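[1] pasting the structure only:
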């Protein structure tokens, strides 16, 4: 099985995947080779993948922001003899939670973005006090989304270890 995770800043593609576990609104879908074609929204922003390499099973967990997934049996190469099951995940943002990733790095990134959000919020509060009346800027909106996502990443990675 082939796996592709794509975001605007990050791409991860892997082959030799044995299972993908996707958390949906009405439960968990476990996708194996020759799974039926399927698409949907990843609800709680969490997916797990298992791959088999060098005689051992490796697991990876990804925290996603606003993700959709597609399962296709057509594969990347559409020749009749090569119909590999492929799982495509498209997300706004993704962070991998595994033994390679540092919990402290995610905490530092969260604290940095949270500080930037506090500065931007203070700036807008000062502009409102001066009568300029700007309540929500695109930068504030994006920073708020990033802080909420990183908060979820920190929480999940803390519980995952």
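    Received the coordinates, thanks. Only a predicted model underlies this, so the values are computations on that prediction, with no experimental measurement involved.

[2] quick check: domain ranges of this protein?
    Using automatic domain parsing, the domain ranges for the chain come out as 2-97, 103-160.

[3] chain center to the first one, what's the gap?
    It stands for domain 2-97. 11 Å (C-alpha atoms, centre = their mean, to the nearest Å).

[4] could I get the domains of the chain as JSON lines with mean neighbour count and mean pLDDT?
    C-beta coordinates here come from the backbone N, C-alpha and C atoms, glycine included. Shown next, in JSON lines, are those (neighbours: other C-beta atoms under 10 Å; pLDDT from 0 to 100):
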{"stretch": "domain 2-97", "mean neighbour count": "15", "mean pLDDT": "83"}
{"stretch": "domain 103-160", "mean neighbour count": "14", "mean pLDDT": "84"}
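
[5] dump the residue contacts of the nearest residue to residue 32 once chain neighbours are set aside.
    Excluding the flanking residues, the one nearest residue 32 by C-beta to C-beta, 6 or more residues apart in numbering is residue 19, at 5.8 Å. By C-beta atoms under 8 Å, 6 or more residues apart in numbering, the contact list for residue 19 reads 30, 31, 32, 49, 50.

[6] swap the cut-off to 7 Å and go again
    30, 31, 32, 50 (C-beta atoms under 7 Å, 6 or more residues apart in numbering).

[7] what about the spatially most central residue of the chain, which helix or strand?
    Central residue of the chain (C-alpha atoms, centre = their mean): residue 64, 1.9 Å from the mean position. Using DSSP states H and E, residue 64 falls within strand 56-65.
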